[in-house]
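could you look at this predicted model? Sequence included:
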Amino acid sequence: MSNIEADPAFQVCEPDVHDPADVLVLQPREVPLGGPRAMTVRRTLPHRDRSFVGAWCFVDHYGPDEVAASGGMDVPPHPHTGLQTVSWLFTGEIEHRDTAGNHAVVRPGELNLMTAGHGIAHAEVSTSDTSTLHGVQLWVVLPERDAHCARAFEHFVPEPVSAGSATVRVFLGSFAGADSPVATSTPLLGAEVLLPGNTTWHVPVDDTFEHAVLVDEGVVRFCGRVAGRGALAIREPGATSLTVQSGPQDVRLLLLGGEPFPEEVIMWWNFIGRSTNEIRDQRAEWMAHSDRFGAVAGYEPASPGGATRLPAPDLPEITLRPRRR
């Protein structure tokens, strides 16, 4: 993970009119994902200083990991409620299986969106021919009206488009003249952006949205604030344009956005609900192997004797604190 204490030099092509005070930069914390040979992810949402960007509520950034050393990804069947998972890869492949009967391979530049709704379970395993794994796992919280919708799965391959000096792949929402056909419950934006080094990118955006950039490669100045690899820089609503300035190195980032999410939710483990009791019920049903989540067909642990299903952690005997914007 980059150390961004030093302020890199930038070639500025036009003045940055944004006030850096309007931008919050979240540094990632490292979280092990899995067992003894766990791959490490860099997590920026949820954060003690911020719960959402629009309805985006969870951001894990991982890799590039050499699978021979890290063991790759091997996440046994586990549950979700009240959310959508968004898988986006830069390198490698992941095999996805879920209890809606979907069996798909997540590939670089291809969106895989799974809607949990009332309840779903899935497994994620890096494929045998993957040597390097590098990507993001994102969650979108569903508003209360859709929190108990039916399970669903969508796949979409966005075409790259030019947006000034940047190359953009829009996988959710509309941006730079490109539209994703994937429906969302709240207005959202998700796009991969490639920006050459020593470049200033000034782009119009929807001023009703919060916007954030997750830096995958390089270092940027986002609306006046420096953000290094793995950081999430967030701009509040009201901006009609955003400015991203790259350092000497080419930059890859994700641009995320959405209308501010007004609801309070309880996020615990892989569940999203509106009360502690609802979370307790969800956990109990998962542990009881209820039909709410179903069974994932075809998953085989990578290691003999490995878990075939992730048990839920113990739920503390307290009232869980709700998350709000």
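It's in. Residues are numbered from 1 along each chain as shown.

and the spatially most central residue of the chain, how close does it get to Pro248?
The centroid of the chain falls nearest to Leu138 when counting by C-alpha atoms, centre = their mean (1.9 Å). Per C-beta to C-beta, to the nearest Å, Leu138 is found 29 Å from Pro248. To be clear about C-beta, it is placed using only N, CA and C from the backbone, and glycine gets the same treatment.

before we move on, what about Asp22?
26 Å.

ditto for Thr40
According to C-beta to C-beta, Thr40 and Pro248 sit 27 Å apart.

related to what we said a few turns ago, wait, is the residue nearest to the centre of the chain part of a helix?
No. With DSSP: H, G, I helix; E, B strand; the rest coil as the criterion, Leu138 is located in strand rather than a helix.

neighbour-wise, which of Thr40 and Pro248 wins?
Thr40 (15 against 12; other C-beta atoms under 10 Å).

got the contact list for the residue nearest to Pro313 when sequence neighbours are not counted?
Distances taken as C-beta to C-beta, 6 or more residues apart in numbering place Trp269 nearest to Pro313, at 6.0 Å, with adjacent residues excluded. Shown in contact with Trp269 (C-beta atoms under 8 Å, 6 or more residues apart in numbering): 283, 312-313.

ok, now Pro108?
Counted by C-beta under 8 Å, 6+ apart, Pro108 has contacts 89-92, 135.

show the buried residues in these.
Among those, the ones that count as buried by 16 or more other C-beta atoms under 10 Å are 89-90, 92, 135.

relative to Thr186, which of those is nearest.
Gly135 (23.5 Å; C-beta to C-beta).

hang on, the earlier thing: taking the contacts of Pro108 one by one, which sit in strands?
Judged by DSSP state E, these include 89-91, 135 as members of strands.

who's the closest residue to Ser180 other than its chain neighbours bridged to?
Spatially, and ignoring its direct neighbours in sequence, Ser180 is nearest to Leu172 (5.1 Å; C-beta to C-beta, 6+ apart). Beta-bridge pairing of Leu172 under DSSP bridges involves Gly190.

so Leu172 makes contact with Asp179?
No. Using C-beta atoms under 8 Å, Leu172 is not in contact with Asp179; the gap is 9.9 Å.

for the residue lying closest to Phe222 once chain neighbours are set aside, what are its contacts?
Spatial nearest neighbour of Phe222, excluding adjacent residues (C-beta to C-beta, 6+ apart): Ala233 at 4.2 Å. Ala233 makes contact with 23-26, 212-213, 215, 220, 222-223, 225, 227 under the criterion C-beta under 8 Å, 6+ apart.

name the SS class of Ala233, please.
strand.

and the pLDDT at it?
pLDDT for Ala233: 98.

so what's it bridging to?
On the basis of DSSP bridges, Ala233 is bridged to Val25, Val213.

and Ser126, by the same measure?
Assessed by DSSP bridges, Ser126 has beta-bridge partners Ile94.

now for it, how many residues are close by?
25.

hang on, it packs against Ala68?
No. Between Ser126 and Ala68 there is no contact under C-beta under 8 Å: 11.3 Å.

shaky segments in this structure?
Applying pLDDT under 70 to the chain flags the ranges 1-21, 34-38.

in it, mark out all the helices, start to finish.
67-70, 276-287 (DSSP state H).

show the backbone phi and psi for the nearest residue to Gly101 once chain neighbours are set aside.
Leaving aside its sequence neighbours, Gly101 sits nearest to Ala297 (C-beta to C-beta, 6+ apart; 7.6 Å). Backbone torsions of Ala297, given as degrees, to the nearest 10, read phi -90, psi 140.

ok, the contacts of Ala233 vs Pro204, which is closest?
Pro204 lies nearest to Cys223 out of the contacts of Ala233, by C-beta to C-beta, at 13.5 Å.

what's the neighbour count on that closest one?
By other C-beta under 10 Å, neighbour count at Cys223 equals 24.

please apply the same query to Val31.
By the criterion of other C-beta under 10 Å, Val31 has 13 neighbours.
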